[in-house]
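> Task: produce atomic coordinates for the following.
(one chain, ligands or ions: 1)
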Amino acid sequence: MSVCVYIGEELAQYGFGAGHPFGPDRMGRFWVRAQALGLDRQVEICKPVLATVEEIERFHKSDYVERVQVQSRTGQGYLDYGDTPAFPGVFEAASYVVGSVLDGLQKILLEDCRSVFIPIAGLHHAARTGAAGFCVFNDCGIAIETLRAVHGIKRVAYVDIDAHHGDGVFYGFEDDPDLIFADMHEDGRYLYPGTGAVEETGKGAAKGTKLNVPMPPEADDAAFFKAWEPVEDFVRKGRPEFVLLQCGADSLAGDPITHLRYSAAAHAHAATRLCKLADECCAGRLLAMGGGGYNRTNLAEAWTSVVRSMIEAEA
Ligand SMILES: [Zn+2]
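Modelled structure (predicted):
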């Protein structure tokens, strides 16, 4: 099996209660659909893994990590200014997301598999110093720091097609010339977090290593396919040694909190093309994180499309 998918109750636990857009039912809704399509028999199913504090602190400041631990015991209050509530066990749940991503990286680098999908990961809004927008620990940022610190991989591509701008990753690596960042998102004038303008291309030595592509509200598949080509060229020119994909499903038509109108064909296209790019650049090393997506049917369609693309890329 050359595609690994992380599934388990520990991952599903990362959610903000029944009825919340980011509820604990999201992983299950994805997996039921994956089973109906027979994808579960074509991938290796991996158990969630718990990250250590040391691993989390490769990206996050220690006083913030400590604060999450404290609020995880009480389950009280917010971890940011009002979007991301604490709940009992939030520290452990967020740590399982991170640990699963790091385990996935390792599996790819040990050549146990070529590509990995982790449904409840891609928590791209969390900053080094705090939570934001349903995101407690930024597993994307921790993955990038881990590739550098542990695996000696410097040039990493991060591609993000979630409806929201990946601000936690962008500002976390804004001055880092070796993080090739490409993000297609709904224009920040219309959607949280409001960032990701075309002019934001990186700072200092990193200028030109970041590509932000704001999409107008109501942008459809045709608009996505057109905007995708320069994104792919940009990533290829960056000669990455590892590719990360945040494939948030909230960019599909019918999401309750965004205004883009893609279908799952956009996600299939991005995954297929990145598998090919990763084959050319870095022995197929691709790790995909589910990201947002609050319409359950949409997240099931988008994420299974990504997994199917990964399986087909191996065939
Ligand atoms: Zn999102």
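> just checking, G168 touches C135?
Yes - contact between G168 and C135 holds when scored by CB atoms under 8 Å: they sit 6.5 Å apart. Where you see a C-beta, it was placed from the backbone N, CA and C, and this is true even at glycine.
> Give me the common contacts of those two.
L123, H124, H125, A126 (CB atoms under 8 Å, 6 or more residues apart in numbering).
> now, which of these lie within strands?
The strands, defined by DSSP state E, take in nothing from these.
> between those residues, which has the most around it?
For the shared contacts of G168 and C135, the largest neighbour count, defined by other CB atoms under 10 Å, is 33 neighbours, found at L123.
> quick one, what contacts the residue of the stretch 51-200 of the chain at minimum distance from the ion?
Proximity of the stretch 51-200 of the chain to the ion (CB to the ion) peaks at H164, 3.5 Å away. Applying CB under 8 Å, 6+ apart, we find H164 in contact with H124, H125, G133, H185, E186, L191, Y192, P193, G248, D250, T258, G292.
> again with R296
D25, R26, R29.
> and the stretch 101-250 of the chain, which residues reach the ion?
Residues of the stretch 101-250 of the chain found near the ion (CB under 5 Å from the ion) are D162, A163, H164, G248, D250.
> ok, back up a step: comparing G168 and C135, which shows the higher neighbour count?
More crowded of G168 and C135, by other CB under 10 Å: C135, with 29 against 25.
> could you list every residue that touches T201?
K207, G208, T209, K210, L211, N212.
> Out of the residues you listed, which is nearest to C275?
Distance to C275 across those (CB to CB) is lowest for L211, with 19.9 Å.
> What distance do you get for the closest one to the ion?
18 Å (CB to the ion, to the nearest Å).
> Would you double-check that that residue falls in a helix?
No - read with DSSP: H, G, I helix; E, B strand; the rest coil, L211 is strand and lies in no helix.
> Can you name the residues bridging to it?
Here L211 shows beta-bridge partners A182, assigned using DSSP bridges.
> burial count for it?
Quick note: L211 (other CB under 10 Å) scores 21 neighbours.
> so it touches H185, yeah?
No - contact between L211 and H185 fails when scored by CB under 8 Å: they sit 11.4 Å apart.
> where's stretch 37-44 relative to the chain centroid, distance-wise?
Between the centre of stretch 37-44 and the centre of its chain there are 21 Å (CA atoms, centre = their mean, to the nearest Å).
> Nothing else from me, thank you.
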